[in-house]
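Trainee: Have a look; sequence and predicted model below, questions after that.
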Amino acid sequence: MKNFKAYLLQKNNEKVTGQVQEISFDMLPVADCLIEVHYSAVNYKDYLACQTNGGVVRTYPFVPGIDLAGIIIQSANENFPVGQKVLATSFGLGVSHFGGWSEYASVPSEWLIKIPDEISLKQAVTLGTAGLTAALCVEAIKNHLRPDSRILITGATGGVSTMARILLKQLGFNNLVLMSQKKFETNDPVLSTADFLAQPKKALAKQEFDAVIDTVGGAVLSQLLSQVTYGGIVASCGNAGGIKLETTVLPFILRAVTLAGIDSVNTPNDLRQKAWAQLFSSFDFEKVSPEIISLAQIPEVVTDFAKNRHVGRTVIQVRSNS
């Protein structure tokens, strides 16, 4: 087979750089399924993977991309036959194992999700890690909710938050409040992250939110815990704002607040399969319009992340004929 195009990261003189290059099949890791990749995506973790000290990738050269959707062209697993449409997210993909920013990917079959006939490859990767994480967050909080529950979603312009808004509204939860440090168009009320963090810090503050989906972490999560209502819950799934958590036990022992950690990388397979089945069967794809780019445009999107300009979901059309 001929060489193919991939976005390859290299590290020279302690600096990481990336560009589209021709690479050979023998560079791919050994796995039981070879996939013709049609679509990938750009996530916050992918942005970090492209940084010199991003803390995601440890070996070079490397192909990033924690999401991919494509068609199996070689398989050693009869449960994943040639011609099967598949989605891959999580595990080591794009972190320790060559990812989806490539025309071909070699992936273990246990990492794959079969895509139903009625779902396109582009739709599947539009969900990707963002959709799975959002679904796990919603599943974690929904039993704590009433129809009129006030729900805060932080990092509101990101992929996970975008998907979570759609999922919550599909379930009938419309009393949503968004938090963002960027200006964007929405019909939901928006809190400024800077204004929120400028508030006086208290161990217990006024009870504002019945549930929170937090993609930011750091100072935002630290301050939010004191504002959750009695018996409320926070689903924590990100650290774009830092990994340090400063709080007291008071929200937990005086207000019975639950802090639920959400991990989409190593989610047990039964929960993963359930989440994907629900997403594929009911997600309203008309509510999300991803930006579509080529492999060559990846540096532009990475720069947007770096300058805090990125909004929404970005899908990479890996093949021009997809």
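Mentor: Received the coordinates, thanks. Numbers count the residues shown, from 1 in each chain.
Trainee: State the number of residues packed around residue 132.
Mentor: When neighbours are defined as other CB atoms under 10 Å, residue 132 has 26 of them. Bear in mind the C-beta positions are built from the backbone N, C-alpha and C, glycine included.
Trainee: Which helix or which strand is home to the residue nearest in space to the middle of the chain?
Mentor: Ranked by distance to the mean C-alpha position of the chain (CA atoms, centre = their mean), the top residue is residue 130 at 2.9 Å. Secondary structure from DSSP states H and E places residue 130 in helix 121-141.
Trainee: Ignoring the adjacent residues along the chain, who's closest to residue 48?
Mentor: Once its chain neighbours are removed from consideration, residue 48 has its nearest residue in residue 54; the separation is 3.6 Å (CB to CB, 6 or more residues apart in numbering).
Trainee: what phi and what psi does the backbone show at residue 229?
Mentor: Residue 229 has phi and psi values of phi -70, psi 170 when expressed as degrees, to the nearest 10.
Trainee: mind listing what it touches?
Mentor: 150, 207-210, 255 (CB atoms under 8 Å, 6 or more residues apart in numbering).
Trainee: rewinding a little: check which helices and strands the helix holding residue 130 is in contact with.
Mentor: Other elements packing on helix 121-141 under the criterion 3 or more CB pairs under 8 Å, 6 or more residues apart in numbering; DSSP states H and E are strand 33-42, strand 67-75, strand 85-89, helix 159-170, strand 209-214, strand 228-236, helix 269-282, strand 314-317.
Trainee: got the angle for that helix vs helix 159-170?
Mentor: Angle between the axes of helix 121-141 and helix 159-170 is 70 degrees (criterion: axes from the mean of the first three to the mean of the last three CA atoms, to 10 degrees).
Trainee: tell me the mean pLDDT over helix 121-141?
Mentor: Averaged across helix 121-141, pLDDT comes to 97.
Trainee: Ok, stretch 274-288 next?
Mentor: Averaged across stretch 274-288, the pLDDT comes to 94.
Trainee: got a list of contacts for that stretch?
Mentor: Under the criterion CB under 8 Å, 6+ apart, residues 87, 113, 115-116, 119, 123-124, 126-127, 131-132, 135-136, 139, 162-163, 166-167, 170, 267, 312-313 lie in contact with stretch 274-288.
Trainee: 7 Å instead, please
Mentor: With CB atoms under 7 Å, 6 or more residues apart in numbering as the test, stretch 274-288 has contacts from 113, 116, 119, 123, 126-127, 131-132, 135-136, 139, 162, 166, 170, 313.
Trainee: what two of those residues are the furthest from one another?
Mentor: Based on CB to CB, the longest span within those runs between 116 and 162 and measures 22.2 Å.
Trainee: buried stuff in stretch 258-271?
Mentor: Applying a neighbour-count criterion of 16 or more other CB atoms under 10 Å, one finds 258-260, 262, 264, 267 buried in stretch 258-271.
Trainee: which residues sit in contact with the residue lying closest to residue 4 once chain neighbours are set aside?
Mentor: With CB to CB, 6+ apart as the criterion, residue 4 has its nearest non-adjacent residue at 4.1 Å, and that residue is residue 103. Residue 103 sits next to 4-6, 37, 318-319 when contact means CB under 7 Å, 6+ apart.
Trainee: cool, residue 115 as well?
Mentor: Counting by CB under 7 Å, 6+ apart, residue 115 touches 69, 85-87, 121, 124.
Trainee: Once you drop chain neighbours, what's closest to it?
Mentor: The shortest distance from residue 115 to any non-neighbouring residue, by CB to CB, 6+ apart, is to residue 85 (4.0 Å).
Trainee: And for residue 121?
Mentor: Spatial nearest neighbour of residue 121, excluding adjacent residues (CB to CB, 6+ apart): residue 69 at 4.2 Å.
Trainee: just curious, which of the buried residues of stretch 258-271 is nearest to residue 12?
Mentor: Using CB to CB, residue 264 is the member of the buried residues of stretch 258-271 that lies nearest residue 12, at 32.3 Å.
Trainee: I'd like the distance between the residue nearest to the closest one when sequence neighbours are not counted and residue 322.
Mentor: Beyond its immediate neighbours in the sequence, the residue positioned closest to residue 264 (CB to CB, 6+ apart) is residue 133, lying 4.4 Å away. The span separating residue 133 from residue 322 equals 24 Å under the rule CB to CB, to the nearest Å.
Trainee: between these two, who's got more neighbours?
Mentor: Applying other CB under 10 Å to residue 133 and residue 322 shows that residue 133 carries more neighbours, namely 29 against 16.
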